[in-house]
Structure formats: C-alpha cells, structure tokens
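> Give me coordinates for this.
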Amino acid sequence: MNFLLIDDDRDEFDIILAAGDKGDDNTTFTWSYAPSAAAGIEVLNKITPSAVFIDYNMPVMNGIDCALQIRRDPRFASVCLVLYSTSITETMEKDAASAGINFSIQKPDDFGEMSNLIDKVSSFISGSQV
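From the prediction side, this is the model:
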C-alpha cells in the first residue's frame, strides 16, 4: 500500500517510518513525503496513494483546505484522507468530515500507537472491519 504524508514537520515522517513498513497482515507500506500542502498536491500529480495523511497545522494552507483541494480532483475521490494533528477538536472533526476526510486522528505518542493507526487505515482501505 502506498501512503503520502503531508506535514511541515519532517520528524513526523521519520516517526512513521520507524513505526514499521508492514501491517498486521504483512501488507507492505510504501511512504512518500511532502513538506507542505502545495508540495503534496504536486506529489499527487505523480502518484495515486491508497491514503494521504495530512497535518492540520501547516503554514499557508491547513489540512482541511488541503483536503478540499485534493477532493476537487476526481482522480482522488476514493483516496482515504486522514487528518493528522497534535490535537483534534470537535469543530475540526466536523469540518474534516465536510471536507471529505475519512479519519481525524490525534498524533500518537509512541511507535506502537502509530503502528496501530496505520493498520486501522490499512484495514479501512482493504474493506476490513475497523
């Protein structure tokens, strides 16, 4: 499965990579990274990932606005979008759902939680019970 992380903090990408590249069912994960919403849109013009993890707090364009821009392109209508932030408020969750985001998830505190998060998204994409 191919995933894209859009986050202005490169350390988040390193954390995701450290969490592992295989799911519970031995699915292999391949990751791409973009340091901004604009760069993420450019990456999406080259690849079609299974899921896009989008940080909410980014300069210039926040994660929800980025998701809206992604959803405008019919090629990405079925791509799983995950709003990924240090904290998620109820208002953010509602705005995210309205923008077509599938999950709004608080950034995990450790590698085990990160691995579980990735497995949850992978299961959703595969059509398994989440």
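
> make it CA atoms for all contacts and neighbour counts henceforth
Will do.

> can you pull out the strands in this protein?
Listed in chain order, the strands of the chain (DSSP state E) span 2-6, 30-34, 51-55, 80-85, 103-106.

> Take those and lay them out in a markdown table including mean neighbour count, mean pLDDT and distance to Asn45.
Formatted as a markdown table, the entries for the strands of the chain read as follows, by neighbours: other CA atoms under 10 Å; pLDDT from 0 to 100; distance: least, CA to CA, whole Å:
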| stretch | mean neighbour count | mean pLDDT | distance to Asn45 |
| --- | --- | --- | --- |
| strand 2-6 | 23 | 94 | 12 |
| strand 30-34 | 17 | 94 | 12 |
| strand 51-55 | 26 | 96 | 13 |
| strand 80-85 | 23 | 94 | 16 |
| strand 103-106 | 18 | 92 | 23 |
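
> Need these in a markdown table (columns: distance to Met61).
Output for the strands of the chain, formatted as a markdown table (distance: least, CA to CA, whole Å):
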| stretch | distance to Met61 |
| --- | --- |
| strand 2-6 | 11 |
| strand 30-34 | 13 |
| strand 51-55 | 10 |
| strand 80-85 | 13 |
| strand 103-106 | 17 |
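
> looking at those strands, which is closest to Leu44?
Across those, the minimum distance to Leu44, taken as CA to CA, is reached by strand 2-6, at 8.6 Å.

> Just want the angle from that closest one to strand 30-34.
Strand 2-6 and strand 30-34 are oriented at 20 degrees to each other (axes from the mean of the first three to the mean of the last three CA atoms, to 10 degrees).

> I'd like to check the angle between strand 2-6 and strand 51-55, please.
Computed by the same axes, to 10 degrees, the angle between strand 2-6 and strand 51-55 is 10 degrees.
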